[in-house]
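Chemist: coords below, sequence missing:
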């Protein structure tokens with residue numbers, strides 16, 4: 001059973017951390033929330049390693065972008081992100097030309113951006129992946 005109080009506390013803790021590629025970005029934020037929700041430990045976090053923006057961009061480009069990399073990691077996406085449920089993973093354009101990975105919580109996508117965490121309707125998300 002998911003403890004929503006603990007999830008909210010974790011979301012707040014991760015949201016308060018300053019953005020830093022490789023330690024506090026959209027992937028590490030989403031990975032930590034997936035691990036807490038599903039109990040998968042650091043399984044996904046250990047798959048993708050980079051230390052700074054230059055390494056992150058090079059890594060993403062080598063896999064064809066964040067959606068292609070996520071598909072390679074999690075499998076094919078849902079037909080539409082609106083079918084995602086709490087605990088799933090989504091992508092969205094959080095700023096012009098800036099795609100981010102996010103976590104579905106309370107029926108919305110949560111995305112760590114360079115300045116804050118944003119909550120977005122699943123209708124505005126690009127793709128979504130089931131995690132269960």
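Modeler: That came through fine. Values in this document were obtained by computation on a predicted structure and should not be read as measured data.
Chemist: burial measure for residue 86, as a count.
Modeler: Residues lying near residue 86 (other CB atoms under 10 Å) number 15. All C-beta atoms are positioned from the backbone trio N, CA, C, and that covers glycine.
Chemist: same thing with residue 30?
Modeler: As a burial measure, residue 30 scores 26 neighbours (other CB under 10 Å).
Chemist: name the helix or strand for it, please.
Modeler: Assigned by DSSP states H and E, residue 30 falls within helix 26-38.
Chemist: contact partners of that helix?
Modeler: Identification of contacts with helix 26-38 by CB atoms under 8 Å, 6 or more residues apart in numbering yields 2, 6-7, 10-11, 14, 22, 40-45, 48, 86-87, 89, 94, 100-103, 105, 110-113, 117, 131-132.
Chemist: again, but for stretch 70-86
Modeler: So stretch 70-86 is contacted by 2, 37, 44, 47-48, 63, 67, 88-91, 101, 104-107, 109, 122-123, 125-132 (CB under 8 Å, 6+ apart).
Chemist: end to end on it, go ahead and measure it.
Modeler: 18 Å (CA to CA, to the nearest Å).
Chemist: try stretch 116-132
Modeler: 28 Å.
Chemist: try stretch 81-97
Modeler: 19 Å.
Chemist: can you give me how far it is from the chain middle?
Modeler: Its chain's average C-alpha position is 8 Å from that of stretch 81-97, according to CA atoms, centre = their mean, to the nearest Å.
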